[in-house]
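# coordinates for the following, if possible.
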Amino acid sequence: MKYYARIGILLHRLRMIPLAWLNLPWRSQLLIAALSYVVGISGLWLLFPSTHNGVSMFLPIVIACWLFRYRGLLATMVLNGLTFQITYILLLRGLLPDQAFVVGGIVGFITSLGLGVIVCWLRAAVDQVRMARQQILAAEQQRLLVQLQEQQIALAYEQQRKINALKDQFLLNVSHELRTPLTVLGGSLEILNDFGERLDPTTRAQYMKHAIESQEDLAALVDRVLDATEIISDIPNAKPEAIDVRHFLQEMLAHLKAHEIAAYTVHLQMPDQLMVWADPQFLGQVLHNLFSNIFKYVPTRTEIHIEGVQAEPTAFININIQDEGPGIPADEISLIFEKFVRLKRDMGGPTRGTGLGLYICKQLMEAMGGRIWVESSGQPGQGSRFCLSLPPVTSR
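Numbering: from 1, shown residues only. Sure thing, here's the model as predicted:
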């Protein structure tokens, strides 16, 4: 079977040789035609006495017509005529013994002319097929180029839409955060300006206190945004080490504010000796941010479930934190890990925030080679499940 396959490959390569000639430079094509004339004339000289028709000259005619089409046909007819004329002169001088040269030469010349026309027609057909194929390839390339441009436009549009959505979220967040202290500050200053002299000292001091507190709230808000932005722009390289997840979580829970953690029932379901490869400072910051959000948005006297899951010894370890809060709407899940994003329902609430906590969590998790995501049905009471995935120590 291999023998026949090799023969087939060899025959295919032989068939492709004439097509390969068409891609050669014109100088190489001219050299091939010249070499074919050397072979043809040698054959004519050696084989003419026994053939009488100059059939060996078919080779240069075929090659020249194939490479140069009708120009090659004209050139070969002129050269063949000269060749036969020189041979005839040699015959008249007795240098060639064959007297049937004239008949053989004429027959060979006419046959060569017909063969050359056929080869030129075949070459023209091959050129048309090649041109049609090139046009098809060009059209396909153009179609792919247009498709790629459309995809790039769609991607740019989606990125711009996402940027606009983040911008809107940021503006809503800032306007909400600034509105309350600005209102209190402006109202207090206006009252002091209009009625300051008629107010008793206690009332005047109270309005002044409100104005100062509002100013401090504004300054604190700006500081939080600047601090968070600095953290985002300069996250250091992670320094991972082996961490016992259960022990680490127990220590972290013990360092939370007592009155905040006491308001919830925490269930820790974590196997012993579950070791992750992570940066302790980064992991502590991520967990602190997640619990801070729980204390802000999840009703008290509810349960918090923390569990560790590892499908197999070499698989990543998941740390899942499930609460019983209001959940996250499905259309906002993809945005909560972006900069300055807060849920729409929280914008009108009393709880303040920069919208950067979860974004920082994502950056810290990725710096440790892990990832973070959230699962939520968006139904009140069913809560949210924040999942942290980190590499195990055994993979190091």
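
# strands along this protein, start to end?
Assigned by DSSP state E, the strands in the chain fall at 241-244, 265-269, 275-278, 303-309, 317-322, 371-376, 384-390.

# residues of the first one that come out buried?
Applying a neighbour-count criterion of 16 or more other CB atoms under 10 Å, one finds 243-244 buried in strand 241-244. For the C-beta atoms, the positions are set from N, CA and C on the backbone; glycine is no exception.

# which other helices and strands does it contact?
Contacts defined by 3 or more CB pairs under 8 Å, 6 or more residues apart in numbering; DSSP states H and E place strand 241-244 against strand 275-278, helix 280-297.

# most tightly packed of those?
For those, the largest average neighbour count (mean count of other CB atoms under 10 Å) is found in strand 275-278, namely a mean of 24.

# what sits up against it?
Outside strand 275-278, the residues within contact range by CB atoms under 8 Å, 6 or more residues apart in numbering are 238, 240-245, 283, 317, 319, 368-370, 390-396.

# list buried residues within those.
Of these, these count as buried by 16+ other CB under 10 Å: 238, 240, 243-245, 283, 317, 319, 368-370, 390-393.

# of all the residues you listed, which comes closest to residue 266?
For the buried ones among the contacts of strand 275-278, the closest approach to residue 266 (CB to CB) belongs to residue 319, at 13.7 Å.

# spatially, what comes nearest to the closest one if we skip its sequence neighbours?
Spatially, and ignoring its direct neighbours in sequence, residue 319 is nearest to residue 388 (4.3 Å; CB to CB, 6 or more residues apart in numbering).

# quick one, what contacts the one you found?
Per CB under 8 Å, 6+ apart, neighbours of residue 388: 286, 318-321, 365, 370-372.

# can you check residue 249 too?
Each residue near residue 249 by CB under 8 Å, 6+ apart is listed here: 268, 270, 287, 306, 319.

# make CSV from those and add pLDDT and distance to residue 294 to it.
Converted to CSV, those look like this (pLDDT from 0 to 100; distance: CB to CB, whole Å):
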residue, pLDDT, distance to residue 294
268, 93, 14
270, 89, 18
287, 94, 11
306, 95, 11
319, 95, 14
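
# ok, back up a step: and the residue nearest to residue 319, what are its bridge partners?
residue 319, residue 372 (DSSP bridges).

# what do you get for residue 276?
Assessed by DSSP bridges, residue 276 has beta-bridge partners residue 243, residue 392.

# and it, what pLDDT?
Residue 276 is assigned 94 on the pLDDT scale.

# and what of residue 246?
Per-residue pLDDT puts residue 246 at 93.

# how many neighbours does the closest residue in space to it that isn't next to it in sequence have?
Of all residues not flanking residue 246 in the chain, residue 270 sits nearest, at 4.1 Å (CB to CB, 6+ apart). Neighbourhood size, residue 270 [other CB atoms under 10 Å]: 17.

# just to check, residue 270 is in contact with residue 245?
Yes - counting by CB atoms under 8 Å, residue 270 touches residue 245, with 5.8 Å between them.

# quick check: neighbours shared by the two?
Shared contacts of residue 270 and residue 245 (CB under 8 Å, 6+ apart): residue 308.

# one step back: closest to residue 130 among the contacts of residue 388?
Lowest distance from residue 130 to the contacts of residue 388 (CB to CB) belongs to residue 371, with 52.2 Å.

# identify the residues contacting the closest one.
362, 365, 388-389.

# where does the stretch 51-200 of the chain have low pLDDT?
51-57, 83, 87, 90-92, 94-109, 163, 165-178 (pLDDT under 70).

# burial of residue 197, as a residue count?
Around residue 197 there are 7 residues (other CB under 10 Å).

# ok, now which ones touch it?
Under the criterion of CB under 8 Å, 6+ apart, residue 197 has no neighbours.

# for residue 212, see how far away it is.
The gap separating residue 197 from residue 212 is 20 Å, by CB to CB, to the nearest Å.

# do the same with residue 293
In this view, residue 293 and residue 212 are 29 Å apart by CB to CB.

# ditto for residue 181
Remark: distance between residue 181 and residue 212 (CB to CB) = 11 Å.
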